[in-house]
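Trainee: Kindly return the folded structure for what I paste below:
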Amino acid sequence: MGKTFSIISLGCPRNLVDSEVIVSEFKKKGFVFQDEAAKADTVIVNTCAFIEDAKKESIDTILKVIDAKKNGDVKRIVVAGCLPERYGKELKKELKEVDEFRGVLDFKRAGERTTSLTPRHYAYLKISEGCRNKCTYCIIPDIKGPYRSRGMESVLEEAEGLIEKGIKEIVLVGQDTSLYGIDLYKKKRLAELLRKLDKISKENWVRILYCHPANLENDVIGAIRDSRHICKYIDLPIEHISDRILKEMHRRITKKDIIRLIRFIRREIPGVALRTSFIVGFPGERDSEFQELLSFIEEIRFERLGLFRYSREEGTPAYNLKGQIRELEKERRFSQAMLLQQGVSRGINERFKGQILKTLIEEKEEDRYIARTEYDAPEVDGCVYVRGKDLKLGNFYNVRINDTYEYDLTGEVVQG
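Mentor: Model prediction:
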């Protein structure tokens, strides 16, 4: 059997970290990594099964790799991650061409992550695994298991290694980062972790994603406020604003609490970028509740916002709720909310015109460069198109913003 391999990583940044661990483990066994799947003997597909669209993407990808195997381009197929964890028996029965199935628990973090699948200037650092929130629409606890924090020393050791390698942005991820430490130390210690990361940081950013609003404590806000290196950016998935829907989702927070939290964050961290996500079309969502959500989006004016159509997932409590909404209506609500947020985002971006922002140069595109500010997370947020000469990828540059658009900015490097 050939000893070259490649990996196709699907889903969120947390899955990408798992893919990097998988690659590291295969390398330790003597396999040689290939960037392109078409050039590899073994192809690993690390799947996602969070929502219906993710499952379809995973299956479509597996089928394409199977076609490559039938054509003689691939010798061995390994399917890993959430899909086999959830549907292992069915997949083994239907996909005979796959040589091996491995669930999410089969690849355990064993030693140092030696391979990065992200650009050389940023890296995801997983601080926890699993979830204990039991949101009624989510299958993740069944797939990933109970909440498990990674030891603080281990997190700091990996962070130091990334910084020494020249990584300019460390992005902390987990199913719920705001709960960090609750299982290991019997109390939340995210604020302490952030302070220690800020202390060991050099010329780099630290970004935190996936903070559940019901679990986020004030001292985390203080740690971000007082830091030199932690991005003034908080990812706060709210999911809805109707108290009735929040209760049906088992989000354990009320509209009043959410508004109080947002006001506190913005008061404590002037200029902070708040990112959130909402689900439209949850079972029983009344038109008045959807209108309440639209009014909230317009009033609060989130700097960054993601929208999802509700995905009915077998095995979740919400699957059996009455009032399932038609797909066409979900799409209508999704489009209406997206259009509203586009206007909000355009207005927010206009305030940056003429300002000088610190940016991280990510890639070169013809006669310009693509960069991000501390207000934009990799892959999910906007970017800055930068005019400049001989800029080094992975370096920071001050950029004067000349024009603003719905999601992106354009500017030129300011010398000196």
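
Trainee: so how far is residue 298 from residue 190?
Mentor: Look at residue 190 and residue 298: by CB to CB, to the nearest Å, they are 31 Å apart. C-beta: built from backbone N, CA, C; applies to glycine.

Trainee: Domain ranges for the chain, per the record?
Mentor: The chain is divided into the following domains under automatic domain parsing: 4-102, 122-350, 356-413.

Trainee: Tell me the span between the first and last residue of the last one.
Mentor: Domain 356-413 has an end-to-end distance of 9 Å (CA to CA, to the nearest Å).

Trainee: Kindly report the same for stretch 67-85.
Mentor: Chord length of stretch 67-85, first to last residue, is 23 Å (CA to CA).

Trainee: Give the buried residues for it.
Mentor: By neighbour count, and taking 16 or more other CB atoms under 10 Å as the criterion, the buried residues in stretch 67-85 are 68-69, 74, 76-85.

Trainee: residue ranges with poor pLDDT in the stretch 1-150 of the chain?
Mentor: Low-confidence segments of the stretch 1-150 of the chain, defined by pLDDT under 70: 1-2, 105-119.

Trainee: check contacts around the nearest residue to residue 301 once chain neighbours are set aside.
Mentor: When the adjacent residues along the chain are set aside, residue 301 lies closest to residue 344, with 5.2 Å between them (CB to CB, 6 or more residues apart in numbering). Neighbouring residues of residue 344 by CB atoms under 8 Å, 6 or more residues apart in numbering: 297, 298, 301, 302, 305.

Trainee: How much space separates residue 344 from residue 296?
Mentor: Per CB to CB, residue 344 is found 11 Å from residue 296.

Trainee: about what we covered before: ok, residue 190 and residue 298, which is more surrounded?
Mentor: When neighbours are counted by other CB atoms under 10 Å, residue 190 comes out ahead of the other of residue 190 and residue 298, with 27 against 12.

Trainee: Residue 171 versus the nearest residue to that one once chain neighbours are set aside, what's the distance?
Mentor: Distance criterion CB to CB, 6+ apart; nearest residue to residue 190, sequence neighbours excluded, is residue 180 at 4.3 Å. Distance of residue 180 to residue 171, given as CB to CB: 14 Å.

Trainee: who's more crowded, these two?
Mentor: When residue 180 is set against residue 171 and neighbours are counted by other CB under 10 Å, the residue ahead is residue 180, at 29 against 23.

Trainee: sorry, back to before: I'd say the residue nearest to residue 190 and residue 191 touch.
Mentor: No - shown here, residue 180 and residue 191 do not form a contact pair, counting by CB atoms under 8 Å, at 9.2 Å.

Trainee: ok, now which ones touch residue 73?
Mentor: When the contact criterion is CB under 8 Å, 6+ apart, the partners of residue 73 are residue 38.

Trainee: For the residue nearest to residue 301, which three-state class applies?
Mentor: Reducing the assignment at residue 344 to three states with DSSP: H, G, I helix; E, B strand; the rest coil gives helix.

Trainee: Distance-wise, check it relative to residue 135.
Mentor: For residue 344, the distance to residue 135 under the criterion CB to CB works out to 25 Å.

Trainee: and if you look at residue 148?
Mentor: Taking CB to CB as the criterion, residue 148 is separated from residue 135 by 18 Å.

Trainee: and if you look at residue 16?
Mentor: When residue 16 is compared with residue 135 (using CB to CB), they lie 22 Å apart.

Trainee: element containing residue 225, please.
Mentor: For residue 225, the enclosing helix or strand under DSSP states H and E is helix 218-226.

Trainee: on contacts alone, who are the packing partners of that helix?
Mentor: Identification of packing neighbours for helix 218-226 by 3 or more CB pairs under 8 Å, 6 or more residues apart in numbering; DSSP states H and E yields helix 190-200, strand 230-235, helix 255-268.

Trainee: Okay, residue 240 and residue 207: tell me how far apart.
Mentor: Where residue 207 is concerned, residue 240 sits at a distance of 25 Å (CB to CB).

Trainee: what does stretch 121-130 rub up against?
Mentor: Among residues not part of stretch 121-130, those counted as contacts by CB under 8 Å, 6+ apart are 13-14, 16-18, 116, 118, 140-141, 144-150, 155, 158-159, 162, 166-177, 179-180, 193, 360, 362, 378, 393-394.

Trainee: so how far is it off the chain centroid?
Mentor: Taking CA atoms, centre = their mean, to the nearest Å, the mean C-alpha location of stretch 121-130 is offset from the chain mean by 10 Å.

Trainee: likewise stretch 403-416?
Mentor: Taking the mean C-alpha point of stretch 403-416 and that of its whole chain, the gap between them comes to 25 Å (CA atoms, centre = their mean).

Trainee: Buried residues, it. List them.
Mentor: For stretch 403-416, a neighbour-count test (16+ other CB under 10 Å) marks 404, 408, 409, 410, 411, 413 as buried.

Trainee: Okay, strands next: where are they in the stretch 301-416 of the chain?
Mentor: When assigned using DSSP state E, counting those that start in this stretch, the strands of the stretch 301-416 of the chain occupy the ranges 304-309, 356-365, 368-372, 384-387, 396-404, 409-413.

Trainee: How many residues are close by residue 217?
Mentor: Counted by other CB under 10 Å, the residues lying close to residue 217 total 14.

Trainee: Skipping adjacent residues, who's closest to it in space?
Mentor: On the basis of CB to CB, 6+ apart, the spatially nearest residue to residue 217 that is not a chain neighbour turns out to be residue 188, at 5.9 Å.

Trainee: Contacts only, for the one you found.
Mentor: With contacts taken as CB under 8 Å, 6+ apart, residue 188 has the following neighbours: 178, 179, 180, 181, 182, 215, 217.

Trainee: was I right about the first one contacting residue 193?
Mentor: No - Residue 178 sits out of contact with residue 193 when judged by CB under 8 Å, with a separation of 11.2 Å.

Trainee: what does stretch 355-368 rub up against?
Mentor: Counting by CB under 8 Å, 6+ apart, 119, 121-122, 168-169, 205, 369-374, 383-388, 391-401, 409, 411, 414 sit against stretch 355-368.

Trainee: Fine by me, we can end here.
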